[in-house]
Structure formats: C-alpha cells, structure tokens
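>>> okay, structure incoming, though there's no sequence with it:
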C-alpha cells in the first residue's frame, strides 16, 4: 500500500469521527453557557439587592438627621417675646408707637418617636397673643400721647410667608376706642392689622396698622 493511500485513509477516518461527534451533540443543552447565564443572573440580583439596601440606609440617615432632637428633650410650652414698632391710622390720624408682643402657647409641644428611632418635636399651633405699645399721635392741632393694647388668639402656621394669623380685641388710648381686629404676620417680621373701632363717646372708624417685629433677646445673645 502506498503512503498516499494510507494518509488519505487516516484523514477520512478522522473527519468521519469528528462529524459523528458534532452530530451527537445537536439538541443537547450547552452546560457551560447555561451555568454562565445562571451565575450572571444571580450576581446581578445580589448587586441590585445591595444597592437597594444602601439607598434605604442613606435615606434613613438623611431623614433622621434632619428631624432628630436630643433624646432627653421633653414636651414644653413655647413663647415669643418681640419688640415692636407700630404705625397706625385711626380716624386718619397718624399714630406711632413702640412696645412689645408676647405670645405663649396654649398647649405644650408634642414629641414623637419615629420608626427609625429618632425623636421629632412638633411645635404647638395655638398661642395667647398680647401686645402693648405707647407713643404719639399726630393731630392737626398738635401732638398727644397714644397707646395700644391687644389681647387675642393667634395660630402659627407652616406657610413660608404668612407665618401667624390672629383675631384680637384691642383698646386704644387717644382716641379712646375699642374694637376687634384681624392680624397677620409675614415671615415673623412684619405684622399687618385691620379692624373696626368704636369711640367711647360715640361713632366708629376704620383701623389700619403695620408692625415691625424684632427678637431683641436673641439679637443681644440672651436666648
């Protein structure tokens, strides 16, 4: 037998065995690929779970730090003591006075323990309102002493602009008059009031005033 025929026969036999191996694997699952796909899916699920846990933990830390108060804090009554400058029109006569505003809560604050364990303090809404001022009233025939006194009920809000609204009863010295008024505070610094007052000797008129408020104790470092 010639060398050429021997090599050709060996080559043909080799090709037939390779073809048989290929045919025998058709339709079978590829284990390597299936195993690789399962591992990849498991890894993705594990990474997604870890990322979710990190996000929830971060959110809890941010929320807790924003609302957290000292653990030994107790419910307490709140108050405000402010200096006030007032410009008013009573019967179209200009009155300028200065004095104070005092507001004291009717109920104490509320302490809540959140699911994360932090403690949150909610300030009271309703306050007793007291205002007292004295100054001068400009008249066409001269200047005279004047004063205002108010007693009423105020409600503090979460509104960024109109921080307090109140209904008050007020008394006025020069002219001697009394009546109801509605009051609103803007950003805790400006008070606007309007109402209707009745003169002691008879008659009535519109009352309009504007206040400028300052927390003097905080400005002086006493609070």
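Sure, I can see it. All figures in this text were calculated on a predicted structure; none of them were measured in a lab. Residues are numbered from 1 along each chain as shown.
>>> what's near enough to touch the residue nearest to residue 106 when sequence neighbours are not counted?
Leaving aside its chain neighbours, residue 106 sits nearest to residue 126 (4.7 Å; criterion: CB to CB, 6 or more residues apart in numbering). (Glycine included, C-beta is placed from N, CA and C.) Applying CB atoms under 8 Å, 6 or more residues apart in numbering to residue 126 gives the contacts 105, 106, 107, 153, 154, 155.
>>> contacts only, for the fourth one.
So the one you mean is residue 153. 126, 127, 128, 129, 166, 167, 168.
>>> and the residues you listed, which are buried?
Buried subset of these (neighbour count, 16 or more other CB atoms under 10 Å): 127, 129, 166, 168.
>>> for the first one, phi and psi?
When quoted as degrees, to the nearest 10, the phi and psi of residue 127 stand at phi -130, psi 150.
>>> the helix or strand containing residue 104 pairs with which strands?
Using DSSP states H and E, residue 104 maps to strand 93-105. When sheet partners are counted by DSSP bridges, strand 93-105 sits next to strand 79-90 (antiparallel), strand 126-139 (antiparallel).
>>> so what touches that strand?
Residues outside strand 93-105 that contact it (CB under 8 Å, 6+ apart): 77-89, 123-124, 126-139, 146-148, 154, 164, 175, 191, 211, 213.
>>> after it, which helix or strand is next?
For strand 93-105, the succeeding helix or strand toward the C-terminus, using DSSP H and E, is strand 110-113.
>>> helices and strands around that next one, which ones?
Helices and strands touching strand 110-113, by 3 or more CB pairs under 8 Å, 6 or more residues apart in numbering; DSSP states H and E, are strand 119-122.
>>> in the strand it packs on, what's buried?
By neighbour count with 16+ other CB under 10 Å, strand 119-122 contains the buried residues 119, 121.
>>> still on that earlier bit, dump the buried ones among the contacts of residue 153 into CSV; add distance to residue 207 and pLDDT as well.
Shown next, in CSV, are the buried ones among the contacts of residue 153 (distance: CB to CB, whole Å; pLDDT from 0 to 100):
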residue, distance to residue 207, pLDDT
127, 22, 98
129, 16, 98
166, 15, 97
168, 11, 97
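>>> what about stretch 154-167, how long is it end to end?
Stretch 154-167 has an end-to-end distance of 7 Å (CA to CA, to the nearest Å).
>>> number the chain from 23, please
Okay, residue one is now 23; in that scheme the one you just asked about reads as stretch 176-189.
>>> what mean pLDDT does stretch 121-131 get?
For stretch 121-131, mean pLDDT is 96.
>>> wait, is residue 187 part of a strand?
Yes: assigned with DSSP: H, G, I helix; E, B strand; the rest coil, residue 187 falls within a strand.
>>> who does it bridge with?
Applying DSSP bridges to residue 187 yields these beta-bridge partners: residue 177, residue 206.
>>> on that earlier part again, reformat the contacts of residue 148 as TSV; add distance to residue 206.
Putting the contacts of residue 148 into TSV (distance: CB to CB, whole Å) gives the following:
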residue	distance to residue 206
127	19
128	19
129	22
175	14
176	10
177	10
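>>> could you flag which of these are buried?
Neighbour-count burial (16+ other CB under 10 Å) applied to the contacts of residue 148 gives 127, 176.
>>> thank you, goodbye.
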